[in-house]
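>>> could you work out the structure for the sequence below:
(one chain, ligands or ions: 3)
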Amino acid sequence: MDCENCQDKSACSSCDQGPSKQDQAISEFLARVKHKYVIMSGKGGVGKSTVAADLAVLLNQQGYHVGLLDVDLHGPSIAGILGLTGIPLNAIEDKMIPYKYSENLEVMTVQGLLAQEDSALIWRGPVKIGVIRQFLADTMWSDLDYLLIDCPPGTGDEPLTIVQTIPGVEAIIVTTPQDVALADVRKSINFCQLAQVPIKGLVENMSGFVCPNCGAVHNIFKSGGGEKLAQEKGLPFLGKIPLDAQVVDADDAGDPLANLSPKVLAALTGIAAALTK
Ligand SMILES: Nc1ncnc2c1ncn2[C@@H]1O[C@H](COP(=O)(O)OP(=O)(O)OP(=O)(O)O)[C@@H](O)[C@H]1O
Ligand SMILES: [Mg+2]
Ligand SMILES: [Zn+2]
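Ligands and ions are numbered 1, 2, ... in the order given. All right, here's what the predicted structure looks like:
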């Protein structure tokens, strides 16, 4: 049976058997990626997408070939942060063409499939899994040094699909110093341990506040909770990124590193360095 040229895969019983063409395409792509990182958190709004986009741009500026995959299907924000909204997704034959933030920073997001930018799609679990697998299998990715994957908060279908589909993926867990977030972040840590996903490390975002007057970091909330948790769990701590009003403006402007305070840039650079070690 020649499943390769099967005209009706959905009705064909033999097409379901053995590693599918899609499985093969995913393996072929992943073999061309040196390092794979999934960015997760227990809680929403802690800065996952910002951290993912900032690291992607930083690594790209350092000369690496980077892919950034947004699997937050309900609330994709990578396109906005990188100024890639309003561009329809293109395809050649059956392959999707990733967006290019720059020559060697390729971006894949569901954003370009949304008819209107602010229309949320309703995805059921199996559809989400299918879309994520297609992003891996049916995108014309280049050979990559780094693939960064931005997830929605929590431990639902999206991170689960990623860790089940990408052998060797490592997790970067983002948290804020507040205790509430820390309770949730433990769930992310447990998720990784259950799924046997190595944790590259914890990032404490919104840790202290870059003062617009003196440029120093003032700890308006408790800082250091993420670092303590990393210690307690025996996990690497990748760094603290302070709150900086400019981060919001840079994200909104689609130029994520624009005018960031030296403290924020230094923190991000330190995290990027940990990834390239
Ligand atoms: N260090 C920071 N300083 C100031 N603002 C920040 C910082 N990090 C993120 N933000 C802002 O906080 C908001 C939420 O960030 P972001 O969208 O990256 O979080 P998220 O964890 O991806 O959220 P979601 O769970 O909705 O996907 C954005 O407006 C972003 O610009
Ligand atoms: Mg996000
Ligand atoms: Zn000050």
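
>>> check contacts around the residue of the stretch 101-250 of the chain found nearest ligand 1.
Using CB to the nearest ligand atom, the single residue of the stretch 101-250 of the chain nearest to ligand 1 is residue 247, 3.6 Å away. Every residue, glycine included, has its C-beta placed from N, CA and C. By CB atoms under 8 Å, 6 or more residues apart in numbering, the contact list for residue 247 reads 47, 50, 260, 264.

>>> need those in TSV with pLDDT, secondary structure and neighbour count, can you?
Listed next are the contacts of residue 247 as TSV, based on pLDDT from 0 to 100; DSSP: H, G, I helix; E, B strand; the rest coil; neighbours: other CB atoms under 10 Å:
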residue	pLDDT	secondary structure	neighbour count
47	97	coil	21
50	98	helix	24
260	93	coil	20
264	96	helix	22
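
>>> related to what we said a few turns ago, work out for me the element the residue of the stretch 101-250 of the chain closest to ligand 1 sits within.
helix 245-253 (DSSP states H and E).

>>> how about that helix: buried residues?
246, 247, 250, 251 (16 or more other CB atoms under 10 Å).

>>> secondary structure element for the residue of the stretch 1-150 of the chain found nearest ligand 2?
Going by CB to the ion, ligand 2 is nearest to residue 49 of the stretch 1-150 of the chain, at 3.3 Å. Assigned by DSSP H and E, residue 49 falls within helix 48-61.

>>> pull out the buried residues from that helix.
For helix 48-61, by 16+ other CB under 10 Å, it's 48-60.

>>> same question, stretch 154-166
By neighbour count with 16+ other CB under 10 Å, stretch 154-166 contains the buried residues 154, 155, 157, 158, 159, 160, 161, 162, 163, 165, 166.

>>> what's in contact with that stretch?
26, 30, 36, 38, 40, 42, 71-73, 125, 128-129, 132-133, 136, 149, 151-152, 169, 171, 184, 187-188, 191-192, 195, 197.

>>> what about 7 Å?
Stretch 154-166 has contacts (CB atoms under 7 Å, 6 or more residues apart in numbering) with 26, 30, 36, 38, 40, 42, 71-73, 125, 128-129, 132-133, 136, 149, 151-152, 169, 187-188, 191, 195, 197.
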